[in-house]
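Undergrad: next input, structure requested:
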Amino acid sequence: MEGDRYQQETEQGNRSAVLELANDPVERKRFLKMAGAASAASFSAFVVAACGSSKKKKAAPPTTTPVSDETAQFGPGDIGIMNYALTLEYLEAKFYREVVEHNFFSGKVGDLVKQFAEEEAEHVRALTAAVSRAGGTPAKEPQAHFPLENPNQVAMLAYTVENLGASAYLGQAPRIESKEVLAAALSIHSVEGRHAAVLGTVVNKPITPDGAFAKPANVETVLAAVKPFLS
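TA: Numbering: from 1, shown residues only. Predicted coordinates for the structure are as follows:
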């Protein structure tokens with residue numbers, strides 16, 4: 001029974017949108033046109049995360065929670081992935097709203113923070129609409145509290161949060177089945193990464209902390225990282 005379950009999970013993974021796009025040049029060209037040039041570079045990172053270094057490498061049996069169950073608490077399939085992303089975007093949007101309200105920054109940095117706040121709010125609206133279009137119920141905004149002490153501490157926290165968000169999207173790449181959902185995830189992932197890079201220059205931290213290839217983060221890791229902020 002366990003072997004049958006693993007086979008089903010492997011077959012489901014092989015049907016994911018990122019693998020289909022990696023193996024089908026016609027679909028890949030169509031997808032990149034839909035996703036836009038700004039997201040094309042991110043697609044390579046998704047392929048690396050989803051496919052690994054060798055297509056012929058046999059997957060090892062799962063030793064922890066099955067990949068297919070990672071976002072089950074947020075809903076089934078792509079709806080669960082989108083609701084998971086929506087929950088994270090709620091936290092980011094709330095964080096930036098509070099930062100703007102506290103007037104920690106002025107000048108160019110202040111303008112950037114306001115822009116980031118608006119973009120995170122747009123992510124929330126877009127994901128909420130996408131879940132509804134897919135026939136799901138959008139996740140509710142969680143209660144959260146962020147420690148906002150001074151500009152340096154806030155900027156460092158923003159840098160950490162944005163990198164976490166980018167790695168969370170990358171972590172779901174192998175599981176996404178819809179090319180439309182993958183295109184949306186790529187578009188948001190790209191923006192999160194750019195936010196993190198800009199903030200890296202503000203706090204004098206690496207703009208590419210993982211080097212040439214970004215590292216994905218699984219749901220357990222991401223939720224553990226945001227747990228201290230949940231009320």
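Undergrad: for Val154, phi and psi?
TA: Main-chain torsions, Val154, degrees, to the nearest 10: phi -70, psi -40.
Undergrad: and for Ser106?
TA: Torsion angles at Ser106 (phi, psi; degrees, to the nearest 10) stand at phi -140, psi 180.
Undergrad: how close does it sit to Gly77?
TA: 45 Å (Cβ to Cβ, to the nearest Å). For the C-beta atoms, the positions are set from N, CA and C on the backbone; glycine is no exception.
Undergrad: next one: Val191
TA: Counting by Cβ to Cβ - Val191 and Gly77 are separated by 24 Å.
Undergrad: tell me which element Val198 falls in.
TA: helix 179-202 (DSSP states H and E).
Undergrad: between Ser106 and Gly77, which one's more packed in?
TA: Gly77 (18 against 10; other Cβ atoms under 10 Å).
Undergrad: how far away is the more buried one from Ile176?
TA: As judged by Cβ to Cβ, Gly77 and Ile176 stand 9 Å apart.
Undergrad: same check on Pro206?
TA: Separation of Pro206 from Ile176 (Cβ to Cβ) stands at 28 Å.
Undergrad: out of these two, which sits in the busier spot?
TA: Between Pro206 and Ile176, Ile176 has the larger neighbour count (other Cβ under 10 Å), namely 25 against 13.
Undergrad: quick check: closest non-adjacent residue to the most centrally placed residue in the chain.
TA: By Cα atoms, centre = their mean, the chain has its centre lying nearest to Tyr169, at 2.0 Å. Excluding its sequence neighbours, the residue lying closest to Tyr169 (Cβ to Cβ, 6 or more residues apart in numbering) is His189, at 3.9 Å.
Undergrad: next, count neighbours for that neighbour.
TA: That count, for His189 with other Cβ under 10 Å as the rule, works out to 26.
Undergrad: now do it, the pLDDT please.
TA: pLDDT recorded at His189 is 95.
Undergrad: now Ala173
TA: Ala173 carries a pLDDT score of 81 in this model.
Undergrad: okay, it and Lys215: tell me how far apart.
TA: Counting by Cβ to Cβ - Ala173 and Lys215 are separated by 12 Å.
Undergrad: same check on Gly75?
TA: Gly75 sits 26 Å away from Lys215, going by Cβ to Cβ.
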